[in-house]
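Peer 1: Task: produce atomic coordinates for the following.
(3 chains)
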Amino acid sequence: MRSLSELLEDRSIAKLGHDLKNAWLALRAAGIELAGASYDVMLASFLLDPGRRSHALEVLATEHLNAALTTVADLIGKGKSARSPSDVAVGVMAASSCANAWAVLGLRDRFTSQPGATAVGPLLERIEVPLIGVLADMEWRGIRIDSDRLRDLSKRFGAELRDIEQSIFDAAGTDFNLNSTQQLRQILFDKLQLPVIKRTKTGPSTDAGVLIQLADLGFDVPRLLLDYRELSKLKSTYVDVLPGNVNPDTGRIHTSFNQTGAATGRLSSSNPNLQNIPVRTPRGELIRQCFVPAEGCSFVVADYSQIELRVLAHLSQDPAFIEAFRQGGDIHSQTAAIIFDVAPDQVTPDMRARAKTINFATIYGQGPFSLARQLGISQEEAKEFIKLYFARFAGVRRFLDETVQNARRLGYVETLFGRRRYIPELKDLNYNIRAFGERTAMNSPMQGSAADLIKIAMVNLAAAMKQGGLKSAMLLQVHDELVLEATHQEVDRVVEITRHEMQQAAELSVPLVADVGVGPNWLEAKA
DNA sequence: CTGCTTTTT
DNA sequence: ATTGTAAAAAGCAGA
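Peer 2: Below you'll find the predicted structure:
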């Protein structure tokens, strides 16, 4: 019989690590299927305090059990000099594994008797632990890409890049490293004497906002550079890298979904990150088109509509907001009609755009200064606008104020389902840190509740598809969106089940709406 | 390794 | 008195 680590090398989808999901995948690679999980120390730690730096077993064991565990890195080394786990003597590995098992049991006892344990229990049992297997299945299945098309894009982007590069050198009158902000500063602000718009800690900023302003003043180098930056980012981060992420055994890309990555309760994705695939620009769309379903399948893409604003409406119980969502239709237009006190059909595109901006500003706890910048109005006007907004949505103002007050008193905020996030910054003596804490306190319940809702939907959807004996499956989660692969036969059923499970994840004071689309690639499936 | 910049929701 | 929008991952330059 072959060792587990040999099997892992065969099927690198199963990554060595100490979380339960990776163990699940490793066992599957070895031909052993777990029936389910009952507890996960890492997830328990995450729910008890999502803000802490590490939830690694050895760190938790040191802290709570005063025990020093041997890590995988201790045994095989790190980075390029790392040896294969199969080189470690069986006895050594066994001893380490036993110590780990002991630590898991000790930590579980510790955690279940801890003060915050009552709040954590249901989240762990009903959401996070059931989600482990769902995510393991998604990672295991992976997603297909059109590598030929990406290589073609790489050539095209490369040629374009060389042209732009030459134009910039001509316009600047000298060659330099376009990727070096230091050299760029010298060209822009010393040689060409362009005005400094904004500073970073280390010198004049050259970020996109600055370049746009300089381009609007009629300067060529910043205009060309914006194009260069977009092209270069997309090529080096996505177009050139994604084909190398294809697993040779499966022909698909297997990302990792991290369940303890974001303090709000959102998932994160890495190796590669498939939650930040471009879409905004025409070139971004070309990249999204390269994500394609298996032969004989279509993508089904389901998006929650305005989930964070709906959560806000529910949590705040603001009557105007709730009524707007119950009416249905475009929420930003509805908001505009309420703020500007006009009939819904009298809302102009500009009014809608302003309403949309301030709706987002509210979700993020944004102040008048940045709202003014975004809307292109004075700070005074922005203050008036915010005043008007909160006069119409007094319930939202009250809710946000109470949330911050309670957070100061209790030290934490909570989502709809009791997921906590501690915010020590609220007590900091530094004004900036405190203001940051206040924004965190306002945003986390909304972002976190939305994360809870889609996780519940995912667990229920996986169960429903299994129940229905469907071959189709979830592939990706992108915060408010699910990407599924459905056989042509099953497409209609998958669309309906997905919509149903997302919309019925919980009963709120406003309807939950999911928009579902079908298509031959990720771009075109998005409704 | 840190800072800057960019990508997504 | 003082900044300035929440949450991530990743590539590149330069020390």
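Peer 1: What residue in chain A is the furthest from its centre?
Peer 2: Of all residues in chain A, the one whose C-alpha sits farthest from the chain's mean C-alpha position, using CA atoms, centre = their mean, is A:G173 at 41.6 Å.
Peer 1: What separation is there between that one and DNA strand B?
Peer 2: To DNA strand B, A:G173 is 21 Å away according to CB to the nearest atom of the strand, to the nearest Å. Backbone N, C-alpha and C define where each C-beta goes, glycine included.
Peer 1: Let me see the mean pLDDT of the longest helix seen in chain A.
Peer 2: The helix of greatest length in chain A, counted in residues with DSSP state H as the criterion, is given as helix A:431-467. This predicted structure assigns helix A:431-467 an average pLDDT of 93.
Peer 1: so does the helix or strand where A:L315 lies get close to DNA strand B?
Peer 2: Assigned by DSSP states H and E, A:L315 belongs to helix A:307-316. No: for helix A:307-316 and DNA strand B, the contact criterion (CB under 7 Å from any atom of the strand) is not met; the two come no nearer than 8.3 Å.
Peer 1: picking up where we left off before, what is the burial count for the nearest residue to the residue farthest from the centre of chain A once chain neighbours are set aside?
Peer 2: The shortest distance from A:G173 to any residue that is not its chain neighbour, by CB to CB, 6 or more residues apart in numbering, is 7.5 Å, and that residue is A:K191. Residue crowding around A:K191 was assessed by other CB atoms under 10 Å; the count is 14.
Peer 1: distance of whichever residue of the stretch 251-400 of chain A sits closest to DNA strand C from DNA strand B?
Peer 2: When distances are taken as CB to the nearest atom of the strand, the stretch 251-400 of chain A reaches nearest to DNA strand C at A:S370, 1.9 Å away. As judged by CB to the nearest atom of the strand, A:S370 and DNA strand B stand 14 Å apart.
Peer 1: Show residues contacting the helix or strand containing A:M351.
Peer 2: Taking DSSP H and E as the definition, one finds A:M351 inside helix A:349-363. Helix A:349-363 is touched from outside by A:308-309, A:312, A:330-333, A:335-336, A:339-340, A:342, A:366, A:370-371, A:374-375, A:385-386, A:389, A:396, A:400, A:443, A:446-447, with contacts defined as CB atoms under 8 Å, 6 or more residues apart in numbering.
Peer 1: is it true that the residue nearest to A:G173 touches A:A172?
Peer 2: Yes: with contact taken as CB atoms under 8 Å, A:K191 and A:A172 are classed as touching, separated by 7.1 Å.
Peer 1: which residues are common contacts for these two?
Peer 2: Looking at what touches both A:K191 and A:A172 (by CB under 8 Å, 6+ apart), there is no common residue.
Peer 1: Narrow the contacts of helix A:349-363 to those in strands?
Peer 2: Counting by DSSP state E, no part of the contacts of helix A:349-363 is found in strands.
Peer 1: Can you tell me which of the residues you listed are buried?
Peer 2: With neighbours counted using 16 or more other CB atoms under 10 Å, the contacts of helix A:349-363 contain these buried positions: A:308-309, A:312, A:330-333, A:335-336, A:339-340, A:366, A:371, A:375, A:385-386, A:389, A:396, A:400, A:443, A:446-447.
Peer 1: quick one, what contacts A:E402?
Peer 2: Taking CB under 8 Å, 6+ apart as the criterion, A:E402 is in contact with no other residue.
Peer 1: whoops, A:T440 was the one
Peer 2: A:T440 makes contacts with A:G365, A:V413, A:R421, A:I423, A:E425, as judged by CB under 8 Å, 6+ apart.
Peer 1: Need the residues that contact stretch A:311-322.
Peer 2: Residues from elsewhere that reach stretch A:311-322, judged by CB under 8 Å, 6+ apart: A:309, A:324-325, A:338, A:362-363, A:392-396, A:398-400, A:416, A:445-446, A:449-450, A:453, A:508-510.
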